[in-house]
Structures are given as C-alpha cells and as structure tokens.
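> after the sequence you'll find the predicted model.
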Amino acid sequence: MSVIHVLQFALDGASAEQAAVAANLANAQTPGYRAEDVSFEQSLASALASGGTAAVTETPSAAPPGTDGNNVELATQIVEGEQAMLEYEAVTHSLNAQFRLVQGAAGGRFT
C-alpha cells in the first residue's frame, strides 16, 4: 500500500466522520434517533500491519438514549467534529506534500 493510498483512505475516513457528525447534529432533536459513530483508524492500522485492505465502518453509538430515545450528545458531537476536521486538514497537508515531492521528482518546481 503506497503512502498516497494510505493518505487517500485516511482522507475518506475523516470525510465519513464529518458526514456522520453532521447527520448526528442535524438529528439532535429527532425522537428515537440513534447517533452513528465512524471508525477507520483501527482498520487502517490493521491493513498497514498485514498488507491487507481497510474499510470505513459506521456503527450505532453506544451512548445511552434519553427519555425520547435519542442518544445524540451535543458536546461529544462537537468534539468529534473538531477532531475530524483537524484530521482532514492534517491528511490534506500530508497528501499535498506527497504531490509536491512527486512534482519535484518529475522536474517540476516545489511550490
């Protein structure tokens, strides 16, 4: 698995995390709504260790439901959203750095 493939998967995972947080926040007042959690870090680590493939998985949140059956915790979602945004930014910077290296190796300028 090349560095660019790993970074692309991490970018997809961070994007899926952001989408799940957005859906959870949009349904924070929906009775019976069960929050979704996204996990890709463990799958990526396993794929890197074994040379296999990785997958982004969505699972229902284990948070206990409130009186209306909804289990979205706003504070948790805000923190998870910030974390996903920072992960996305970090991976984007790393991916851009890889492309600049390829560009430089191909005789282009580093910009």
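Structure's in. What do you need? Not measured: the values here are computed from a predicted model.

> so where is the chain shaky, pLDDT-wise?
Judged by pLDDT under 70, the chain has its weakly predicted residues at 1, 52, 108-111.

> so which strand or helix has the most centrally placed residue in the chain?
When C-alpha atoms, centre = their mean is applied to the chain, the residue found nearest the centroid is residue 14 (2.0 Å). Taking DSSP states H and E as the definition, one finds residue 14 inside helix 3-26.

> now residue 93
Per DSSP H and E, residue 93 falls inside helix 74-105.

> what is the helix holding residue 14 packed up against?
Helices and strands touching helix 3-26, by 3 or more C-beta pairs under 8 Å, 6 or more residues apart in numbering; DSSP states H and E, are strand 36-39, helix 41-50, helix 74-105. The way it works is simple: take the backbone N, C-alpha and C, and place the C-beta from them, glycine included.

> and the angle for that helix with helix 41-50?
With axes from the mean of the first three to the mean of the last three C-alpha atoms, to 10 degrees as the basis, helix 3-26 and helix 41-50 are set at 170 degrees to each other.

> ok, and what's touching helix 3-26?
Where contact means C-beta atoms under 8 Å, 6 or more residues apart in numbering, the residues beyond helix 3-26 that reach it are 35-38, 40-41, 44, 47-48, 54, 56, 58, 61, 72, 74, 77-78, 80-81, 83-85, 87-88, 91-92, 94-95, 98.

> buried ones in that helix?
6-7, 9-11, 13-18, 20-21, 24-25 (16 or more other C-beta atoms under 10 Å).

> what is the nearest of these to residue 67?
Residue 67 lies nearest to residue 24 out of the buried residues of helix 3-26, by C-beta to C-beta, at 18.2 Å.

> nearest residue to that closest one in space, please, no chain neighbours.
Closest residue to residue 24 apart from its sequence neighbours, by C-beta to C-beta, 6 or more residues apart in numbering: residue 35 at 4.5 Å.

> between the helix holding residue 14 and helix 74-105, how big is the angle?
Between helix 3-26 and helix 74-105, the angle comes out at 160 degrees (the same axes, to 10 degrees).

> sorry, back to before: is it correct that the residue nearest to residue 24 is in contact with residue 64?
No: assessed by C-beta atoms under 8 Å, residue 35 is found out of contact with residue 64, at 11.0 Å.
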